[in-house]
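J.: Sequence first, then the predicted structure, then my questions.
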Amino acid sequence: MSATLAPTPAVQSAPSSVQPVQLHRRTPAPVAQGPWSVEAIQALLDKPLMDLLFEAQTVHRQHWPAGDIELATLLSVKTGGCPENCGYCPQAAEFDTGVKAEKLMEVDEVVRAAQAAKDAGATRFCMGAAWRAPKDRDIEKVSALIGAVKGLGLQTCATLGMLESHQAQALKDAGLDYYNHNLDTAPEYYTDVVSTRAYQDRLDTLQNVRSAGISVCCGGIVGMGEAPVHRAGLIAQLANLQPYPESVPINSLVRVPGTPLADSEPIDPFDFVRVIAVARITMPKARVRLSAGRQQMGEAVQALCFMAGANSIFYGDKLLVTGNPDVDADAQLLAKLGLNGHRTTATEADHAHHA
């Protein structure tokens, strides 16, 4: 009797000995605990595409629900007339792009737009204003907009230019959830794109926002004539922020006639997908947002971006002043791919996934 029972413990313990526990422990290894070097990021960008996508998707699944896509809407609440000379931007006053300078929108106009965005499925509402740096009276007006949008149950985001610490605190007090301020590109390429402000100005604004307790939305633009090493340098800057941004928009340059970068060579679609994948690997808990340029990508490239770890899109017909795929087209694409628009409310902030 004992002879027949003796093998039983061995049989019961066998499954635990063959469970692929180590596979789950190995895959997070690339996630940085310390600084990411440009060289390490370049090595990721240079990986065979299928290997890179597999790694990015593996990291993504460890930190995010499968098929979850955040839908955000961006409204230009104050368009044009910006004194900056960012080479990609149609809102710069010195470029003749057909964009006219307008005043800050009224609260009721913004509320109508935010309600429409919510009705279309958006969960985060971003407000952009073409300022170099807002004045304190501007902050007061935007604070009223933030309060009104929060009242609809939406997460709020603003992008208003450079902020001083007391301005960031005022926006926090108004209920701002996210502040967007992109680094655009690598430090060494920045002066090729913008000369009216320094890279450090952008880093200072991010620090002021972080110190006020506002979540950071910060990414960049590719396809501005930069070299591959500059893309690696941009991601290194983002991934080495302490902490890295909660939201990382990756934009493909929309070449607007009248801007200095209008004739830039378009980025290879697979190179764009690589940037998305490496952003996911280096910033695993960030929302990686597939942002400007989606209209030119087509459905297959967008699908690859989602596979690479993008889990947020701007949703709606316009992205500040450039076109964006319309809501119906986006809904159809998500349905084709079996993806779900993110339907949280403002009280269920993304931090639920960041624990």
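T.: Structure received. Numbering: from 1, shown residues only.
J.: what ranges do the strands span in the stretch 1-150 of the chain?
T.: 68-78, 124-129 (DSSP state E, counting those that start in this stretch).
J.: What residues are bridge-paired with the residue nearest the centre of the chain?
T.: Nearest residue to the geometric centre of the chain (CA atoms, centre = their mean): residue 249, 2.2 Å. Residue 249 has these beta-bridge partners by DSSP bridges: residue 289.
J.: gap between it and residue 270?
T.: 20 Å (CB to CB, to the nearest Å). (Glycine included, C-beta is placed from N, CA and C.)
J.: now do residue 250
T.: In terms of CB to CB, residue 250 sits 14 Å off from residue 270.
J.: if you count what's nearby, which of these two comes out ahead?
T.: Applying other CB atoms under 10 Å to residue 250 and residue 270 shows that residue 250 carries more neighbours, namely 29 against 11.
J.: Can you list the low-confidence ranges for this structure?
T.: For the chain, applying pLDDT under 70 flags the ranges 1-34, 78-102, 195, 255-263, 316-327, 342-355.
J.: Would you map the helices across the stretch 51-200 of the chain?
T.: 107-119, 136-150, 165-174, 187-190, 199-211 (DSSP state H, counting those that start in this stretch).
J.: Run the angle between the last one and helix 165-174 for me.
T.: Helix 199-211 and helix 165-174 meet at an angle of 40 degrees, taking axes from the mean of the first three to the mean of the last three CA atoms, to 10 degrees as the criterion.
J.: Buried residues of helix 199-211, list them for me.
T.: Residues of helix 199-211 classed as buried by neighbour count (16 or more other CB atoms under 10 Å): 199, 201-210.
J.: thinking again about what came up before, now the strands of the stretch 1-150 of the chain as JSON lines including mean neighbour count and distance to residue 109?
T.: As requested, these are exported to JSON lines (neighbours: other CB atoms under 10 Å; distance: least, CB to CB, whole Å):
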{"stretch": "strand 68-78", "mean neighbour count": "23", "distance to residue 109": "8"}
{"stretch": "strand 124-129", "mean neighbour count": "26", "distance to residue 109": "11"}
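J.: Of the ones you listed, which is nearest residue 239?
T.: strand 68-78 (20.0 Å; CB to CB).
J.: which residues of the stretch 201-350 of the chain fall in strands?
T.: Listed in chain order, the strands of the stretch 201-350 of the chain (DSSP E, counting those that start in this stretch) span 215-217, 220-222, 247-252, 287-290, 312-314, 318-319, 322-323, 340-342.
J.: And these: which comes nearest residue 161?
T.: Evaluated over the strands of the stretch 201-350 of the chain, closeness to residue 161 peaks at strand 215-217, with 14.0 Å, by CB to CB.
J.: ok now that closest one, how far from the chain's centre?
T.: Distance of strand 215-217 from its chain centroid, counting by CA atoms, centre = their mean, to the nearest Å, is 9 Å.
J.: So which elements touch that strand?
T.: Judged by 3 or more CB pairs under 8 Å, 6 or more residues apart in numbering; DSSP states H and E, the packing partners of strand 215-217 are strand 178-180, helix 199-211, strand 247-252.
J.: partners of the first one in the sheet?
T.: Paired with strand 178-180 in the same sheet, following DSSP bridges, are strand 155-159 (parallel), strand 215-217 (parallel).
J.: Give me the contacts around that strand.
T.: 124, 126, 128, 155-159, 163, 168, 171, 209, 214-218, 246-247, 249 (CB atoms under 8 Å, 6 or more residues apart in numbering).
J.: Residue 266: neighbour count?
T.: Counted by other CB under 10 Å, the residues lying close to residue 266 total 12.
J.: what's the distance between it and residue 63?
T.: The gap separating residue 266 from residue 63 is 31 Å, by CB to CB.
J.: what sits against residue 35?
T.: Contacts of residue 35 by CB under 8 Å, 6+ apart are residue 240.
J.: if I look at it, how far off is residue 67?
T.: Counting by CB to CB, the gap from residue 35 to residue 67 is 33 Å.
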